[in-house]
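K.L.:
Starting from these lines, generate the structure:
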Amino acid sequence: MRPLRRIAVLSLHTSPLAVPGGGDAGGMNVYVRFLSRELVAMGAEVDVFTRMTSRDLEPVEYPRPGARLVHLPGAPSDEVPKEELPSRLPELERQLRLFAASDGSRYDVIHSHYWLSGRVGLALQQDWRVPLVHSMHTMAKVKNQHLLPGEAPEPRIRVQGEQQIAAGCARLIANTRTEATELTDLYGAAPGKIDVVPPGVDLTTFHPGGRSSARRTAGIGEDEFHILFAGRIQVLKGPQILLAAAELLRQAHPEMKLRISIVGEPSGATRLDLAPLIHRHGLAGRVKLAPPVPAGQLAAWFRSADVVAVPSYSESFGLVALEAQACGIPVVATNVGGLPSAVSHGATGLLVDGHGAQDWAAALAELYEYPQFRRRLGANAAIHAAAFGWEQTAALTAHSYQHAVDHFRAGRQIA
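P.N.:
As a prediction, the model looks like this:
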């Protein structure tokens, strides 16, 4: 196999440098950043194309030798919401083409992330005559299966776009086998062109240790039961479920010194104002709201917790759950999407079927009532997460790239 030298990565709707937990930033931003870093470490040259976050940025950043981050000015994220991006894609595509042409860039493979980037990637695959590998990260048809009452379904243009990408790209990368099944069952993707590649975790940042100092920094007493939520403050991520469960938890255990920390900010169409919910559930003075923080500070938040809650309605994988476990903290998560792949029920945490407050309260109570069990889960969690290094993710992704290139060239020769 010929080594792949140049890779074009499309992350058009959100910058990989954005801090997860706010705006449109989440696990995908971490994924693109660390995958690109490891591909460069393997000897590839990587250009990541994204839209500007503000007009003050330099057109091109150089995070490390062999890597470039190209800011396209067609739809700055501080001016244009993600919902308007479909109409801006032609301009972003035009600017991307202009950059590649003026720079003389030639790529071996294109890797697009999320459907907006995939739409542009399909056009580039045809014109540049190089294969497109696509990662969905989330899918409209899956999200539409989990709509809450009154919640608007994903737009038809997205469903159609994902359908076209699934049919037209050279290969698809799924985070889990569950996602691979969804691609075949819901989108008719050919099973033979899907590669399952689990995301990684930055084990140099997320690791056990420093619990006492982390709790002191966060203002958490040693005798307090500390539950942490980290992510965007929106209905889909389920912080409202945690607050409802916390009220029942306090009623069942009035002696409990309960503390809840929520790290993130409201975003998206289903954004939440948590202040009224905190008051309604009688949790005033027990809940701390904190803004999104860089990875090092987030790791400290995890280490300060007794348990991390991930009550999402839909997750393609659940990187927060993996990062928390890497810090030696057990996770209570919804039994949906890719979370069963990230959390081993009864071994590294607990999985809850559904979003009933009573069920969530019972799961959290189990970890409160049995501290030895909680500590054993945390120790297992660190071992479990250590198997998910980004080096492995990059190696498997590079293998997918090579399959795409080989099959793409063979198809062209036959044609």
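
K.L.:
Could you tell me the backbone phi and psi angles at the closest residue to residue 349 other than its chain neighbours?
P.N.:
Excluding the flanking residues, the one nearest residue 349 by CB to CB, 6 or more residues apart in numbering is residue 331, at 3.7 Å. Any C-beta I mention is one placed from the backbone N, CA and C, and that applies to glycine too. Backbone geometry at residue 331, expressed as degrees, to the nearest 10, gives phi -120, psi 140.

K.L.:
And the strands in the stretch 51-200 of the chain?
P.N.:
Here the stretch 51-200 of the chain has its strands, by DSSP state E, counting those that start in this stretch, at 60-64, 67-72, 109-113, 132-135, 171-174, 194-196.

K.L.:
Of these, give the one that comes closest to residue 271.
P.N.:
strand 109-113 (22.9 Å; CB to CB).

K.L.:
separation between residue 220 and residue 228?
P.N.:
10 Å (CB to CB, to the nearest Å).

K.L.:
hey, what's in contact with both of those two?
P.N.:
Common contacts of residue 220 and residue 228 (CB atoms under 8 Å, 6 or more residues apart in numbering): residue 304.

K.L.:
Please name the nearest non-neighbouring residue to residue 256.
P.N.:
Distances taken as CB to CB, 6+ apart put residue 225 closest to residue 256, at 5.6 Å, once the chain neighbours are dropped.

K.L.:
Report the beta-bridge partners for the one you found.
P.N.:
Under the criterion DSSP bridges, residue 225 forms beta bridges with residue 258.

K.L.:
pLDDT weak spots in the chain?
P.N.:
Low-confidence regions of the chain, defined by pLDDT under 70, span residues 1-3, 19-25, 269, 411-415.

K.L.:
give me that answer again for 80
P.N.:
Residues of the chain meeting the criterion pLDDT under 80: 1-4, 17-27, 53-57, 74-82, 148-151, 267-270, 409-415.

K.L.:
what's the burial count for residue 76?
P.N.:
Residue 76 is flanked by 16 other residues according to other CB atoms under 10 Å.

K.L.:
Show the contacting residues for the closest residue to it other than its chain neighbours.
P.N.:
In space, and not counting its chain neighbours, residue 76 is closest to residue 52: 4.4 Å by CB to CB, 6+ apart. Shown in contact with residue 52 (CB under 8 Å, 6+ apart): 71, 72, 73, 75, 76, 77.

K.L.:
at 6 Å what do you get?
P.N.:
71, 73, 76 (CB atoms under 6 Å, 6 or more residues apart in numbering).

K.L.:
was I right about residue 74 contacting residue 94?
P.N.:
No - between residue 74 and residue 94 there is no contact under CB atoms under 6 Å: 7.6 Å.

K.L.:
more neighbours, the two?
P.N.:
residue 74 (18 against 13).

K.L.:
Please name the nearest non-neighbouring residue to residue 223.
P.N.:
In this structure, residue 223 finds its nearest non-sequential neighbour in residue 257, 5.7 Å apart by CB to CB, 6+ apart.
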